[in-house]
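Colleague: Return a 3D structure for these sequence lines:
(2 chains)
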Number of protein chains: 2
Amino acid sequence: MIVELISVGTEILLGNIVNTNAAYLSEKCAGSGLSCFFQTVVGDNEERLMMVLKTAAERSDIVILSGGLGPTEDDLTKETVAKYCRKKLLLNEEWKKHIEEYFARRNVKPTDNNWKQAMVPEGAIVLDNPNGTAPGLILEQKGCRFILLPGPPNELIPLFENSVKPYLEKITDSAIYSQTVKLCGVGESAVETKIKDLIDAQSNPTIATYAKTGEVHLRVTAKGTDAKEAKKLTKPLVKELKSRFETELYTTEEEVTLEKAVIDMLAANGMTLTCAESCTGGMVVARLVNVPGCSEVLKSGVVTYSNKAKRKLLGVKKSTLQKHGAVSAKTAEEMVKGAVFTSKCDTAIATTGLAGPDGGTKENPVGLVFIACNVKGAITVEEHHFSGDRMKIRESATAATLALLRRCLLEYIGKTAFGKN
Amino acid sequence: MIVELISVGTEILLGNIVNTNAAYLSEKCAGSGLSCFFQTVVGDNEERLMMVLKTAAERSDIVILSGGLGPTEDDLTKETVAKYCRKKLLLNEEWKKHIEEYFARRNVKPTDNNWKQAMVPEGAIVLDNPNGTAPGLILEQKGCRFILLPGPPNELIPLFENSVKPYLEKITDSAIYSQTVKLCGVGESAVETKIKDLIDAQSNPTIATYAKTGEVHLRVTAKGTDAKEAKKLTKPLVKELKSRFETELYTTEEEVTLEKAVIDMLAANGMTLTCAESCTGGMVVARLVNVPGCSEVLKSGVVTYSNKAKRKLLGVKKSTLQKHGAVSAKTAEEMVKGAVFTSKCDTAIATTGLAGPDGGTKENPVGLVFIACNVKGAITVEEHHFSGDRMKIRESATAATLALLRRCLLEYIGKTAFGKN
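Modeller: Presented below is the predicted three-dimensional model:
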């Protein structure tokens, strides 16, 4: 089945906001086994929206519209779709009650124009929207299905997950199951080479590759007659991926990030962590703090941007800085040693490098970053050469630091477990 | 004149990447006085791209296409536009040389398919692309102008700035001048209230408001017969904005960020900075390190996530933590005091708060953040209540910290300057 996305909103056409809804919906539609050939953005203008609607309805089976369901005069997505489908708008008593309750909970009085949001096209399916006052809507006209969703992502996403996804499964008469497999410490092309045979042979399930900074995510998607069968179909391929990416695979759960995987490993082993950053300048610790409850594990961090700070806060030797320079394997090594010593944590990471744009030399070019990890005294130092601008180099170094920490922890835990046997 | 955007790329339709190019181009086109009514995304497919091209050419004066100019078989934007315009592709010797030199500089041998990028439609204007091997192109057909740009933002943005913008000015027979005015420490609605009369009265120049996390950007745009006249037209309004937002206005330069403004103020006054972060967990220092050359000013940072780290690294008193709690004005105050004392820097900032999602109480709800600033012993503490998820609260707190630091520096510098007189 072919799906098409229409985003309605003048603020997108002015470049005021980035159209993240389209990216979200596209990914979800692909995950539901639908083919998306077009995305369109149009302003809050009846004539132009009507033009786009006609074109979309002629070439697609499903049209998902987002935005333009607000209470003001400008918002005319629902009105225009109803007009195109030749449906009257009728007051929906149930949704009127939802709006009343929504405002009552917030101790706010609804304004007159809010009741506009309780008007529903004749025969439309009303989808619940717990986070807002505009319902999601589904209308059919001559075999084309129109799905209308509110623009704010905190309304659109739960509405899609809870109402649209099951609806799509019903109409495609098949259930889709997607399993995410997240890898770190390995590049996209290396991943693709390693699974070329699986990609070439894919039919059901399929594999899609998504390159992220310092990570590669794979999505295994299967179609079945029901959810149970679809899930079962993904299993052999996920198992195969697990065996091919034994150490690089850090999770098969959608909501688990690399920083969460690392924090969880440390927590499970009762370990504590400190960070000593130079070129990443707080980015590593900032990512770790993303994880709720990280305080059990992450005790402190220092950003030692100057040589003086490296010496004072981490005890890096003056002679090391003079002989090897601040950007060197030896400095990175002394940074993690000092970090563990001063913080009394079990583990530490350190970064030192040249993020640019200036300061590079032939020997020490911009992009050169040394990353060190100290797990209970076992120190590993890696040399990396990243490309891109200052921000990109720092983001890449941050991802590589988390990947190194994870690998060192795996080794440590493996040895400990082995020792126990 | 009406402009329309076509983004070509299956990766956008799969939700693999977010279409930031469309947001960038839309904003720039609006800034050039063009009206953008439609944005379309289409895959790397000749038939569907041709369909989109036809529709766009019929309803718009200018069509800007991005993506699909790469060297592989999949990339067919140029070929399809040439076919639509009935133009032959001819080898452009000059661009062939550019490609040869591009690879030679990188010590890489071009592959056979790279020469495809030296083929240029008959009569097309070739736009230089110093960061890539695909040239930008401009073609005309029956009064519609097609502008073709490569997809990677690091190629597209300089190409637009250096070649497309001047071209648009030429064909619109008018020059557009945009002046950005960036504000911090003030909310969007407060800004709009304060300039409502200016917004209501706007014609030439116009004012557009862009809300960012913790900042509001205003864009003043004027149209004139030449650049000089357009620039002159913006001046009275920019001056008026400067007088209305005396302390909140931190720059009128597009490329200056809040972190750069702060680093520049410190550098100009020969001052040094250290950061002591709890709930922001490295985000403040990570933003400051975004600024190239920050090492002159930013000496160190600590992330004291645990109470123990607050005591050990910053000398926060045990009794303070027990009596007032870690999330308190008193703790924030002791954090900046300790940060200056241990680092020997002139200035320090500190953050302590509840980013959630758990740990909130009635007295200390999630979103409560105390921010402190110490400028040569003068300490200011602010209490904030931010909303949103963990990430949003931390980002808001980070922006508010930079805004507070700037305000405290202004006060200090003002007093010093006054003292000198």
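
Colleague: how much space between the most far-flung residue of chain A relative to its centre and chain B?
Modeller: Relative to the centre of chain A, the most outlying C-alpha is that of residue A:319, 43.6 Å out, by CA atoms, centre = their mean. Separation of residue A:319 from chain B (CB to the nearest CB, to the nearest Å): 21 Å. (Each C-beta comes from the backbone N, C-alpha and C, glycine too.)

Colleague: Would you confirm that residue A:213 contacts residue A:397?
Modeller: No: using CB atoms under 8 Å, residue A:213 makes no contact with residue A:397, being 10.0 Å away.

Colleague: With neighbour numbers in mind, choose between the two.
Modeller: Taking neighbours as other CB atoms under 10 Å in any protein chain shown, residue A:213 and residue A:397 compare with residue A:397 leading, 28 against 13.

Colleague: With adjacent residues omitted, what lies nearest to the more buried one?
Modeller: Closest residue to residue A:397 apart from its sequence neighbours, by CB to CB, 6 or more residues apart in numbering or on different chains: residue A:369 at 4.5 Å.

Colleague: which strands and helices sit next to the helix-or-strand element of chain A with minimal mean pLDDT?
Modeller: Least confident helix or strand, chain A: strand A:206-212 with a mean of 83, by mean pLDDT, DSSP states H and E. In this structure, strand A:206-212 makes packing contacts with helix A:188-194, helix A:196-201, strand A:215-224, judged by 3 or more CB pairs under 8 Å, 6 or more residues apart in numbering or on different chains; DSSP states H and E.

Colleague: ok, residue A:108 to chain B distance?
Modeller: 15 Å.

Colleague: ah, wrong one, I meant residue A:192
Modeller: Distance, residue A:192 to chain B, using CB to the nearest CB: 14 Å.

Colleague: Now do the same contact list for that residue.
Modeller: Neighbouring residues of residue A:192 by CB atoms under 8 Å, 6 or more residues apart in numbering or on different chains: A:199, A:209.

Colleague: Who does the residue of the stretch 101-250 of chain A found nearest chain B form a beta bridge with?
Modeller: Going by CB to the nearest CB, chain B is nearest to residue A:210 of the stretch 101-250 of chain A, at 5.7 Å. With DSSP bridges as the criterion, residue A:210 is bridged to residue A:217.

Colleague: what's the distance between it and residue A:23?
Modeller: 11 Å (CB to CB, to the nearest Å).

Colleague: Equivalent analysis for residue A:213, please.
Modeller: Distance from residue A:213 to residue A:23, by CB to CB: 16 Å.

Colleague: One more: residue A:305?
Modeller: From residue A:305 across to residue A:23, the span is 35 Å (CB to CB).

Colleague: where do the strands sit along the stretch 101-250 of chain A?
Modeller: For the stretch 101-250 of chain A, strands defined by DSSP state E, counting those that start in this stretch occupy the ranges A:119-121, A:125-127, A:136-141, A:144-149, A:175-184, A:206-212, A:215-224, A:249-251.

Colleague: do the stretch 251-400 of chain A as well
Modeller: In the stretch 251-400 of chain A, the strands defined using DSSP E, counting those that start in this stretch lie at A:273-277, A:298-304, A:347-353, A:368-375, A:378-385.
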